[in-house]
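Peer 1: Quick one: sequence plus predicted model below, questions after.
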Amino acid sequence: LAKTTQPISMDSYEGQEVNITCSHNNIATNDYITWYQQFPSQGPRFIIQGYKTKVTNEVASLFIPADRKSSTLSLPRVSLSDTAVYYCLVGDRGDTGGFKTIFGAGTRLFVKA
Amino acid sequence: ETGVTQTPRHLVMGMTNKKSLKCEQHLGHNAMYWYKQSAKKPLELMFVYSLEERVENNSVPSRFSPECPNSSHLFLHLHTLQPEDSALYLCASSQDTPSGGSYNEQFFGPGTRLTVL
């Protein structure tokens, strides 16, 4: 799986939009980009997945530039409950959620009141 | 509620004890996983089972022994653990074969917080 690089931590305030960028310079043609969210003392939870351009769901948006060497997870109007660790994973669509999933250190987001 | 349950949620054991962690998934998935998450460290994949067969074993010490009697249940048997084995142990499941463009999202249980004294 392609190695990913994310900021270790970020702070934000309630109501703000938060953008977390992940670098994956060695992404392969077949690789997808997937983000998970993990609250303290819980298992990670799938947020969103994309291949190129933009993907949006009820939780977040994922922006992927044309070269796909990076991606940005966008959380609109965060609340205190969005405080969590966010993981960016890159791999073959069959692998990213499957057998060889490798979680990096993730980005610890802290939302303040 | 993710459809993956783990018991116990908390476990304290001595280094000479033998205990087991249990995971059950109600999602009809065929692949199950054990992860270890130590304090302030990334998740470490320990074992992967697909259709009750072990397909991945990431150099885990033999004091951790997995068992998958069927596709819905996964156990992690523990014996003669060390204090550094204290961690959150997470179980996850996903659809089976990672092929054909299907996305194998993993569903995680709440974890077992293990403390080894």
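Peer 2: Received it, and whenever you're ready, just let me know what you need. Residues are numbered from 1 along each chain as shown, chains lettered A, B, ... in the order given.

Peer 1: which residues touch whatever residue of chain A ends up closest to chain B?
Peer 2: Residue of chain A nearest chain B, by CB to the nearest CB: A:G43 (2.5 Å). Any C-beta I mention is one placed from the backbone N, CA and C, and that applies to glycine too. In this structure, A:G43 makes contact with B:2, B:4, B:90-92, B:108-111, judged by CB atoms under 8 Å, 6 or more residues apart in numbering or on different chains.

Peer 1: and which of those is nearest to chain A?
Peer 2: Comparing the contacts of A:G43 against chain A with CB to the nearest CB places B:F108 closest, at 2.5 Å.

Peer 1: Next, count neighbours for the closest one.
Peer 2: A total of 23 residues lie near B:F108 under the criterion other CB atoms under 10 Å in any protein chain shown.

Peer 1: check contacts around it.
Peer 2: A:42-45, B:2, B:4, B:90-92.

Peer 1: Break down chain A into its helices, ranges please.
Peer 2: With helices called from DSSP state H, chain A shows them at A:93-96.

Peer 1: Paired strands for the helix or strand that B:W34 is a member of, with orientation please.
Peer 2: Here B:W34 sits within strand B:31-37, counting by DSSP states H and E. Partners of strand B:31-37 in the sheet, by DSSP bridges, are strand B:44-50 (antiparallel), strand B:87-94 (antiparallel).

Peer 1: can you list the weak-confidence ranges in chain A?
Peer 2: Per-residue confidence of chain A (counting by pLDDT under 70) places the weak regions at A:1-2, A:92-101.

Peer 1: okay, which residue is most central for it?
Peer 2: Closest to where the C-alpha atoms of chain A average out (CA atoms, centre = their mean) is A:W35, at 3.4 Å.

Peer 1: distance of it from A:A84?
Peer 2: As for A:W35, its distance to A:A84 is 11 Å (criterion: CB to CB, to the nearest Å).

Peer 1: any chance of the strands paired with strand B:31-37 in a markdown table, with mean neighbour count too?
Peer 2: Below are the strands paired with strand B:31-37 laid out as a markdown table (neighbours: other CB atoms under 10 Å in any protein chain shown):
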| stretch | mean neighbour count |
| --- | --- |
| strand B:44-50 | 21 |
| strand B:87-94 | 25 |
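
Peer 1: Just the pLDDT at the nearest residue to B:L21 once chain neighbours are set aside, thanks.
Peer 2: Counting by CB to CB, 6 or more residues apart in numbering or on different chains, the nearest residue to B:L21 once its immediate chain neighbours are dropped is B:L76, at 4.3 Å. We have a pLDDT of 97 for B:L76.

Peer 1: hmm, back to that, out of the contacts of B:F108, which two sit at the greatest distance?
Peer 2: Comparing every pair within these by CB to CB identifies A:R45 and B:C91 as the most remote, at 14.0 Å.

Peer 1: Show me what the closest residue in space to A:T83 that isn't next to it in sequence is bridged to.
Peer 2: In space, and not counting its chain neighbours, A:T83 is closest to A:V111: 4.8 Å by CB to CB, 6+ apart. Residues found in beta-bridge contact with A:V111 (criterion: DSSP bridges) are A:S12.
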